[in-house]
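Student: missing the sequence, but the structure's below:
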């Protein structure tokens with residue numbers, strides 16, 4: 001087989017190490033491996049948006065050391081840059097002032113506007129970024145997205161391969177790789193973190209956020225699993241979440257005080273827990289992630305609080321703002337924390353209140369797509385879903401179809417779902433997804449060794465003349481004391 005690994009970013013572990021893992025496995029199988037990377041030509045980098053030279057040097061240094069660890073080593077002609085020049089064959093649009101025209105912007109089947117917005121939102125941590133304020137950054141993302149898309153097409157036209165690997169696919173430059181492969185009819189395998197730090201996941205020809213594709217995977221791995229053990233595996237994922245076990249990602253509840261509830265919590269009242277999402281990862285994935293009920297979470301919560309105050313004022317709403325928003329400052333968060341209704345209690349993202357004790361103590365849960373919506377089903381709590389999510393096709397949560405439907409559900413003494421099969425399937429998938437590393441040995445979520453070596457940027461070798469000059473400077477400095 002002929003394999004191409006498009007790896008523009010070598011800064012972030014374990015993703016670059018996963019690319020080394022894939023390259024080594026294919027070399028072990030006797031396959032021909034091509035690697036394409038950025039050596040500073042991309043207009044922008046998702047992991048170095050300020051384009052600092054030191055970060056570029058560290059990226060290049062890590063890449064150089066990593067490729068040298070492969071056995072047999074890749075021939076120089078098998079290594080090339082992803083972007084050899086800035087193509088001028090297409091006139092990019094770089095004058096966006098409003099979000100919707102940007103979202104609608106496409107080149108062929110490449111949703112370049114969505115991809116660039118996704119990177120911008122992640123960079124500035126704002127689901128509704130000011131395009132005027134961030135124009136230069138957005139335009140660099142648009143340019144890098146076009147560069148990777150155009151040059152991937154060019155590479156595939158000149159070098160037929162059987163398969164392409166790249167990371168994630170959500171970001172501007174990386175989504176261009178996926179769409180170019182799809183246009184050329186070449187399989188594109190996206191890699192991501194697996195169920196824990198010892199595993200990585202491979203997704204064939206679709207984003208990690210593809211709701212329909214992920215649902216098929218969840219069902220497939222469940223059907224293929226041992227019927228005697230799969231439910232226990234699924235349960236363990238929910239138990240690990242409550243116990244703050246860090247598996248594939250850091251725990252956002254680790255700093256919370258176990259068993260702590262908001263001040264004045266009345267367990268005898270009718271209490272509803274609302275769990276908002278950190279939506280900057282999902283806001284620019286695609287149309288299937290658009291919330292059809294409410295324009296955004298702040299508006300939804302405000303409308304729900306106002307309607308419940310009129311319909312059932314004795315019900316108390318508790319809004320748990322996602323802990324991932326602790327260090328974020330944007331208008332959406334400020335508006336959320338400014339919500340002021342007598343029947344709404346705000347729990348700040350850094351508050352020590354226990355998310356899971358709140359979930360279990362309230363009579364009903366509302367969520368916009370975070371995992372809490374399916375976790376509530378497992379813990380025998382009625383779960384109302386107000387937005388798209390990866391588990392939306394699974395039984396358990398009740399999906400609202402309108403604002404009035406939301407209020408009707410909240411005022412109808414909704415029972416907990418008796419069907420936990422969807423929750424167990426979801427937990428089982430999360431607990432087992434991915435394949436184990438062979439050559440990479442993780443030590444933490446962000447560090448590890450590839451073939452017993454930590455991959456780092458080696459300091460550049462100094463010439464004899466440079467060493468002599470350094471020595472002279474040192475002697476002069478000492479003599480001046």
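Tutor: Everything's here; your move. Everything numeric here is computed off the predicted structure, so don't read it as measured data.
Student: low-scoring pLDDT stretches of the stretch 351-481 of the chain, where are they?
Tutor: Applying pLDDT under 70 to the stretch 351-481 of the chain picks out residues 460-481.
Student: mind listing the strands for it?
Tutor: Counting by DSSP state E, counting those that start in this stretch, the stretch 351-481 of the chain has strands at residues 364-367, 383-385, 398-399, 435-436, 440-442, 448-450.
Student: Now tabulate those in JSON lines and tack on distance to residue 355 and mean neighbour count.
Tutor: In this view, the C-beta of every residue, glycine as well, is placed from N, C-alpha and C. Shown next, in JSON lines, are the strands of the stretch 351-481 of the chain (distance: least, Cβ to Cβ, whole Å; neighbours: other Cβ atoms under 10 Å):
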{"stretch": "strand 364-367", "distance to residue 355": "11", "mean neighbour count": "26"}
{"stretch": "strand 383-385", "distance to residue 355": "14", "mean neighbour count": "24"}
{"stretch": "strand 398-399", "distance to residue 355": "21", "mean neighbour count": "18"}
{"stretch": "strand 435-436", "distance to residue 355": "31", "mean neighbour count": "12"}
{"stretch": "strand 440-442", "distance to residue 355": "27", "mean neighbour count": "18"}
{"stretch": "strand 448-450", "distance to residue 355": "29", "mean neighbour count": "19"}
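Student: And residue 284, what's its pLDDT?
Tutor: Per-residue confidence (pLDDT) for residue 284: 85.
Student: so who does it touch?
Tutor: 103, 114-115, 117-118, 121 (Cβ atoms under 8 Å, 6 or more residues apart in numbering).
Student: next one: residue 430
Tutor: Counted by Cβ under 8 Å, 6+ apart, residue 430 has contacts 195, 237, 248.
Student: Pick out whichever of these sits closest to residue 180.
Tutor: residue 248 (28.4 Å; Cβ to Cβ).
Student: pretty sure that closest one contacts residue 196?
Tutor: Yes: the pair residue 248 / residue 196 is scored as a contact, 5.6 Å apart, by Cβ atoms under 8 Å.
Student: Tell me where the stretch 201-350 of the chain has helices.
Tutor: If DSSP state H, counting those that start in this stretch is used as the criterion, the helices of the stretch 201-350 of the chain fall at 211-224, 230-242, 297-311, 331-337.
Student: Relative to residue 366, which of these is closest?
Tutor: Between residue 366 and these, the tightest spacing by Cβ to Cβ is seen for helix 297-311, at 7.3 Å.
Student: got the contact list for that closest one?
Tutor: Looking at what lies outside helix 297-311 - Cβ under 8 Å, 6+ apart - the contacts are 272, 274, 276-277, 279, 291, 293-294, 315, 317, 319, 332, 335-336, 339, 341-344, 366, 368, 386-387, 403, 406-407, 410-411.
Student: Show me what the mean pLDDT comes to for that helix.
Tutor: For helix 297-311, the per-residue pLDDT values average out at 97.
Student: how many neighbours does residue 38 have?
Tutor: Applying other Cβ atoms under 10 Å, we find 23 other residues in the vicinity of residue 38.
Student: One more: residue 31?
Tutor: The number of residues near residue 31, taken as other Cβ under 10 Å, comes to 15.
Student: OK, contacts around the closest residue to it other than its chain neighbours?
Tutor: Using Cβ to Cβ, 6 or more residues apart in numbering and skipping residues adjacent in sequence, the residue nearest residue 31 is residue 1, 4.5 Å away. By Cβ under 8 Å, 6+ apart, the contact set of residue 1 is 26, 29, 31-32, 162-163.
Student: ok so, going back, between the contacts of residue 430, which is nearest residue 427?
Tutor: Comparing the contacts of residue 430 against residue 427 with Cβ to Cβ picks out residue 237 as the nearest, at 3.6 Å.
Student: Would you mind measuring from the residue nearest to the closest one when sequence neighbours are not counted to residue 457?
Tutor: Closest residue to residue 237 in three dimensions, ignoring its sequence neighbours and counting by Cβ to Cβ, 6+ apart: residue 427, at 3.6 Å. Counting by Cβ to Cβ, to the nearest Å, the gap from residue 427 to residue 457 is 39 Å.
Student: Which one's more surrounded, the two?
Tutor: For residue 427 and residue 457, the more surrounded residue by other Cβ under 10 Å is residue 427, and the numbers stand at 27 against 18.
Student: got the contact list for that one?
Tutor: 233-238, 378.
Student: Could you measure from it over to residue 142?
Tutor: 39 Å.
Student: ditto for residue 93
Tutor: Here the distance between residue 93 and residue 142 works out to 8 Å (Cβ to Cβ).
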